[in-house]
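Undergrad: A structural model of the following input is requested.
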Amino acid sequence: MYYYQDLLGLSATFVGTILMLARVFDALNDPFMGILVAKTRTKWGRFRPWLISGTVLNAFTLYALFAAPNLKGTGLMVFFTVVYILWGVTYTMMDIPYWSMIPAITSTPADRENLSVIGRTCAGVGSALIQVGTVMAVAFLGGDSERRGFALLALIVAVLFVITEIICALKVKEHDIGKMETSTVPQMFKALFRNDQAMITVLAILLINAALYLTSNLVIYFFKYDIGGTGWKGNYTLFTMVGGVFQILGMMVVYPLLRKKFGNTQIFKAALGTAMLGYALILAVCFAGLSANMVLICVCGALVFAANGILTVLTTVFLSSSVDYGELKTGRREESVIFSMQTFVVKAASGLAVFITGIGLDLIGLEGDTEETGEIIAQSASTITGLRLLMTVLPILGLVIAFIFFAKKFTLTDKRVQEICDTLKAKKEET
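TA: I've put the predicted structure just below:
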């Protein structure tokens, strides 16, 4: 969004629309890629051919995305649309076999769980590194040209991507796990609709992630045009670094401590409230004329990101509980189907957030700072106000809706979950 809207001058609404449609297409494409992987048989294994080919192709499209040619208007719109869709397709080619490979590496349940945790943790760290370091890296590599900086950074990431994935493919040893089961999109939704507790959890995942992605999309504009100043890049980096640290602390430290004294549903509601409080405080600090006070802004942001770390853990826990609930209710255990929906919904949330971002930026009249001038354009007071409201009020509304639905409809308390587990265990012992 920032690269194509702010630097290259495309309409924010257009960019947001394409990003949303591509994410939805990507989400729908996942099950079909799973089927292709399941049917693959080569002397190099089932996963590694896709891992290598998908990585190399994705590296090329990644670099192309941030090394856009000197096109204007329709030409640039067509280039962006085609290359971004290709980026999504080629990433799926690599990503689906990468995570599906875990059962082919080890058959021990504990080892599989540990591999999943390590993989997801490293993925989170990688994402945080990009979010924290991009603005400063672009400035260092590109000098006076952010556009050149983005191209060089994308090239470095693409090269490292290919090297590390080749090492992975060469070193990992696959074991034949027989026929792989995959689910189509209709099967995913059918299983979901039969399980009301899974539906509530998926709705919560959609709203929580949409709120977080909306903030992530807009915060760079907030620091550049609202706080501003020559040090805006450093302030942005500091804020995202604090946010990343507290998100990890929320998952690994705060949640385990709270879990010793409180139930998961209680913690979930408290985390939603804390995130809403953080957003409200950011808005209050801005309207009080204290937005340049980085200590206050970072404290408010820490509340939001720590709460989101806790919510991320708990939605996964609730999905696991909904699998048991569904088995008791229907007699079918839809574990793979229910968890497939998590990836689908997270991508949908990302698409929804970037679509709202694009429309919102155009509605508030934000004027991008293109490479033609190289200057930070001063925005009107109404534009700054609109930016603040987009970044805080809309996420609060999403979290309020999640809180209401969860409080009214979610019934899988710790006591209820234990009862379900005991009942299922008893039934298995009988058979």
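
Undergrad: what helices or strands is the helix or strand containing Ile396 leaning on?
TA: Ile396 belongs to helix 381-409 when assigned by DSSP states H and E. If you count contacts as 3 or more CB pairs under 8 Å, 6 or more residues apart in numbering; DSSP states H and E, helix 381-409 packs onto helix 196-221, helix 264-287, helix 335-363. Yep, even glycine has a C-beta here, placed from its N, CA and C like the rest.

Undergrad: Deepest in the core, which of those helices is it.
TA: Of all those, helix 196-221 carries the top mean neighbour count, a mean of 23, counting by mean count of other CB atoms under 10 Å.

Undergrad: Can you list the buried residues in the very next helix or strand once past it?
TA: Downstream of helix 196-221, the next assigned helix or strand under DSSP H and E is helix 232-249. Buried positions in helix 232-249, judged by neighbour count with 16 or more other CB atoms under 10 Å: 232-233, 235-249.

Undergrad: what is the mean pLDDT for the lengthiest helix in the chain?
TA: Using DSSP state H to define each element, the chain has its longest helix at helix 294-330. Mean pLDDT, helix 294-330: 87.

Undergrad: mind checking how far that helix is from the chain centre?
TA: The chain centroid and the centroid of helix 294-330 are separated by 13 Å under CA atoms, centre = their mean, to the nearest Å.

Undergrad: same thing with stretch 345-359?
TA: For stretch 345-359, the distance to the chain centre is 10 Å (CA atoms, centre = their mean).

Undergrad: Likewise for stretch 87-96?
TA: For stretch 87-96 - counting by CA atoms, centre = their mean - the centre lies 15 Å from the chain centre.

Undergrad: Pull the residues that contact that stretch.
TA: Contact with stretch 87-96 is made by 22-23, 25-26, 29-30, 33-34, 37, 50-51, 53-55, 57-58, 61-62, 65, 165, as judged by CB atoms under 8 Å, 6 or more residues apart in numbering.

Undergrad: buried set for stretch 84-101?
TA: Neighbour-count burial for stretch 84-101, counted by 16+ other CB under 10 Å, picks out 84-98, 100-101.

Undergrad: So which of the residues you listed are in strands?
TA: Judged by DSSP state E, strands contain none of those.

Undergrad: quick check: mean pLDDT across stretch 396-403?
TA: On average, stretch 396-403 scores 96.

Undergrad: In three-state terms, label Leu160 for me.
TA: helix (DSSP: H, G, I helix; E, B strand; the rest coil).

Undergrad: and it, how far is that from Pro97?
TA: As judged by CB to CB, to the nearest Å, Leu160 and Pro97 stand 20 Å apart.

Undergrad: Could you do Ile384 as well?
TA: 46 Å.

Undergrad: Show me how far stretch 420-431 is from its chain's centre.
TA: From the chain centre to the centre of stretch 420-431 is a distance of 37 Å (CA atoms, centre = their mean).

Undergrad: Identify the residues contacting it?
TA: 321, 324-325, 327-328, 412.

Undergrad: For that stretch, C-alpha coordinates in CSV please.
TA: Extracted in CSV, the C-alpha atoms of stretch 420-431 (Å, rounded to 0.1, in the frame of the first residue of the first chain):
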residue,chain,number,x,y,z
ILE,A,420,-16.6,-32.7,26.7
CYS,A,421,-13.1,-34.3,26.9
ASP,A,422,-14.3,-36.7,29.7
THR,A,423,-17.4,-37.6,27.7
LEU,A,424,-15.4,-38.3,24.5
LYS,A,425,-12.8,-40.3,26.5
ALA,A,426,-15.6,-42.4,28.0
LYS,A,427,-17.2,-43.1,24.6
LYS,A,428,-13.8,-44.2,23.2
GLU,A,429,-13.3,-46.6,26.1
GLU,A,430,-16.7,-48.1,25.6
THR,A,431,-15.9,-48.9,22.0
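
Undergrad: List the buried residues for it?
TA: Result for stretch 420-431 [16+ other CB under 10 Å]: buried residues Ile420.

Undergrad: pLDDT wise, what is the nearest residue to Asp324 once chain neighbours are set aside at?
TA: Nearest residue to Asp324 in three dimensions, chain neighbours excluded: Ile420, at 5.0 Å (CB to CB, 6 or more residues apart in numbering). At Ile420, the model reports a pLDDT of 86.

Undergrad: Which helix or which strand is home to Ile420?
TA: helix 414-430.

Undergrad: Can you pick out the most distant pair from the contacts of stretch 420-431?
TA: Pairwise distances across these (CB to CB) peak at 12.9 Å, for the pair Glu327 and Leu412.

Undergrad: Of these two, which one has the most company?
TA: Leu412 (21 against 18; other CB atoms under 10 Å).

Undergrad: quick one: that one from Tyr325, how far?
TA: Using CB to CB, Leu412 is found at 6 Å from Tyr325.

Undergrad: Give me the common contacts of the two.
TA: 197, 420.

Undergrad: Using the three-state scheme, assign Leu19.
TA: helix.

Undergrad: ok, the closest residue to Thr315 other than its chain neighbours - contacts?
TA: Closest residue in space to Thr315, ignoring its immediate chain neighbours: Ile205 at 5.0 Å, by CB to CB, 6+ apart. If you count contacts by CB under 8 Å, 6+ apart, Ile205 has them with 315, 342, 345-346, 349.

Undergrad: and which of the residues you listed is nearest to Gly16?
TA: Ala349 (13.9 Å).

Undergrad: Verify the stated contact: that closest one with Ala210.
TA: Yes: using CB atoms under 8 Å, Ala349 makes contact with Ala210 at a distance of 4.3 Å.

Undergrad: ok so, going back, what's the spacing between the residue nearest to Thr315 and Gly45?
TA: Counting by CB to CB, the gap from Ile205 to Gly45 is 32 Å.

Undergrad: can you tell me how far Ser291 sits from Val219?
TA: With CB to CB as the criterion, Ser291 and Val219 are 12 Å apart.

Undergrad: same question, Phe60
TA: Taking CB to CB, one finds Phe60 at 30 Å from Val219.
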